[in-house]
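>>> my questions are about this predicted structure, shown below with the sequence.
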Amino acid sequence: MAARGWRRAAAAAAGPGGGGPGAGAGPAPGPAAPAAAALYVHWPYCRKRCSYCNFNKYVVPAVDEAAVRACLAREARTLLRLGRVQSVTSVFFGGGTPSLASPGTVAAVLEAVAGAAHLPADAEVTLEANPGSAGAPRLAGFRAAGVNRLSIGVQSLDDAELRLLGREHTAAEARAAVEAARGLFPGRTSIDLLFGLPGQSRGAWARGLEAALGLCDDHVSLYQLTLERGTALAAQVWGGALPAPPQDLLADMYQAARAALVAAGFWHYEVSNFARKGALSTHNLSYWRAEQYIGVGPGAHGRFVPWGEGGCRREARVQTLEPDAWMREVQRQGHSTRRRVVLSPLEQLEEVLALGLRTDEGVTHERWGRFSPNLSLEAVFGAPGEARALQEQGWLVLDGGGLRCTREGLALLDSLLPGLLCQLQHRWALPARRAAGAAPGCGGGALRRSPTGDRAGGEAAGRGGVVRGDSGE
């Protein structure tokens, strides 16, 4: 059954009432087993390594795509069954440069997913694309394979900036790729933009942003370039060959971009992400809302409960990094989980807090209660302490909706989080501390302007599938 076949089957199973998550998926799971999860699929190969890139990707003379395809499909089936996942809410093909894979590989993985769990006909299926491998015929092939959303790594519309970044595409190729994508995926094409490049001025950034707003569809991801150890660009800056942008300039660039995007009708729904006409990324929202997700492919990360292995608590899982070793392990045992850590209840709450505060909705009482039924948001952050002080300063809000940053506080999130995490840890340990007669100890630091707190890359914070979604390397 081809990818379009699974869509027909999913729609038929849903019946006239539509195909929401879990529809037509058979009997509901027991109360202990979550029925749904998002799926991240990592394609690790690129044609070249960009000057700022330290991600898990590989430049090789040739790729045995048939072997990679078979292993991605097998690992997806294995991990979905281990998690007893009944419905896959979204699929995200990231990398690397997944647009270098053939549409047949995407179709095969989606067919494997649909064979292991219910994949609704309208589930969001995103593919990252590099403008250099995103011509209209190729994109049409991906659409036929089941992709319904594209995330294009434009990064800049200035050829000099693209050369500095080591990108293989030109500004003209980026424009052509976005125009082709918008024709095939109207309202469902996202672009990535980078700011804070060495030597970049406010004026250059403003001109680039204006050009991007004239080109983009209804979703934009905005990232501050971060210099990573071991990259060519970092060596040039730290060696004095290129200037490092001042922090105040970075903050001004971010705020100017935010103002321009909001004026153009975009909703600033996450630290680095903007959408209009309801075009939010469903997949990345699953990360920020601390929902289950499964990572497939070399170096992919996941967060799920492995019920099929006798587990009963959420685990952080990491797949083997190197592609050849990953394939050997998948061929031998069905998956290649290299590291797994059972997350304590406190560690899960720390992730709920740190990820949820990235969004404009923040951490809702309902979501917090799912992870902490006996210790409410109000009990942790409503008492005197760091959170109360941040509310009085106008950075944070705690009300009937939950805990969230104000617009001004969102730009300071990197500085706000340490004190809030400390307050959570202290409140969590308070019964034991009282029993031991220990005094509380949690101090805050000076606030600093932090444009986004993100690394250069994708729609969600982090890399390699932890909280994943970078566009088109």
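The structure has been received and is ready for your questions. Owing to the predicted nature of the structure, the values given are computational and were not obtained by experimental measurement. Residues are numbered from 1 along each chain as shown.
>>> just the strands in the stretch 101-250 of the chain please.
Applying DSSP state E, counting those that start in this stretch to the stretch 101-250 of the chain gives strands spanning 124-129, 149-155, 189-195, 219-224.
>>> nearest to residue 117, of the ones you listed?
Closest approach to residue 117 among the strands of the stretch 101-250 of the chain is made by strand 124-129 (13.8 Å; Cβ to Cβ). (Glycine included, C-beta is placed from N, CA and C.)
>>> excluding its own residues, what touches that closest one? List them.
Residues outside strand 124-129 that contact it (Cβ atoms under 8 Å, 6 or more residues apart in numbering): 89-95, 97-99, 106, 110, 139, 142, 146-153, 177, 181, 281-283, 458, 469-473.
>>> in helices, which of those residues fall?
106, 110, 139, 142, 177, 181, 282-283 (DSSP state H).
>>> by contact count, what packs against the one helix or strand residue 286 maps to?
Secondary structure from DSSP states H and E places residue 286 in helix 282-288. For helix 282-288, the packing partners by 3 or more Cβ pairs under 8 Å, 6 or more residues apart in numbering; DSSP states H and E come out as strand 36-43, strand 87-95, strand 124-129, helix 345-356.
>>> for the nearest residue to residue 136 once chain neighbours are set aside, give me its contacts.
Closest residue in space to residue 136, ignoring its immediate chain neighbours: residue 180 at 4.1 Å, by Cβ to Cβ, 6 or more residues apart in numbering. Contacts of residue 180 were listed using Cβ under 8 Å, 6+ apart, and they are 134-136, 139.
>>> model confidence for residue 393, exactly?
Looking at residue 393, its pLDDT is 96.
>>> and it, how far is that from residue 374?
Relative to residue 374, residue 393 is positioned 30 Å away (Cβ to Cβ, to the nearest Å).
>>> which one of those two is surrounded by more residues?
Ranked by neighbour count (other Cβ atoms under 10 Å), residue 393 and residue 374 place residue 393 first, with 14 against 7.
>>> returning to that earlier point: for the contacts of residue 180, give me TSV that also has distance to residue 339.
Converted to TSV, these look like this (distance: Cβ to Cβ, whole Å):
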residue	distance to residue 339
134	34
135	38
136	41
139	36
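>>> helices - which of the residues you listed land there?
Per DSSP H, the contacts of residue 180 map to helices at 136, 139.
>>> farthest-apart pair in the contacts of residue 180, please.
The span of the contacts of residue 180, defined through Cβ to Cβ, is set by 134 and 136 at 8.5 Å.
>>> now do the helix or strand containing residue 426 against helix 345-356, angle only.
Taking DSSP H and E as the definition, one finds residue 426 inside helix 413-436. Put simply, helix 413-436 runs at 160 degrees to helix 345-356, going by axes from the mean of the first three to the mean of the last three Cα atoms, to 10 degrees.
>>> give me the helices and strands touching helix 413-436, please.
Against helix 413-436 (3+ Cβ pairs under 8 Å, 6+ apart) you get helix 345-356, helix 377-381, helix 386-392.
>>> in TSV, list those helices along with distance to residue 76 and mean neighbour count.
Shown next, in TSV, are the helices and strands packed on helix 413-436 (distance: least, Cβ to Cβ, whole Å; neighbours: other Cβ atoms under 10 Å):
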stretch	distance to residue 76	mean neighbour count
helix 345-356	23	18
helix 377-381	35	19
helix 386-392	40	18
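>>> next, format those as JSON lines and append distance to residue 233.
Shown next, in JSON lines, are these (distance: least, Cβ to Cβ, whole Å):
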{"stretch": "helix 345-356", "distance to residue 233": "27"}
{"stretch": "helix 377-381", "distance to residue 233": "39"}
{"stretch": "helix 386-392", "distance to residue 233": "35"}
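>>> nearest to residue 427, out of these?
In terms of Cβ to Cβ, the element of the helices and strands packed on helix 413-436 nearest to residue 427 is helix 377-381, at 4.6 Å.
>>> gap between that closest one and the chain center?
27 Å (Cα atoms, centre = their mean, to the nearest Å).
>>> run through who's touching that helix.
So helix 377-381 is in contact with 363, 365, 368, 387-388, 398, 402-403, 420, 423-424, 427-428, going by Cβ under 8 Å, 6+ apart.
>>> recalculate using a threshold of 7 Å.
Contact partners of helix 377-381, identified using Cβ atoms under 7 Å, 6 or more residues apart in numbering, comprise 363, 365, 368, 387, 398, 402-403, 423-424, 427.
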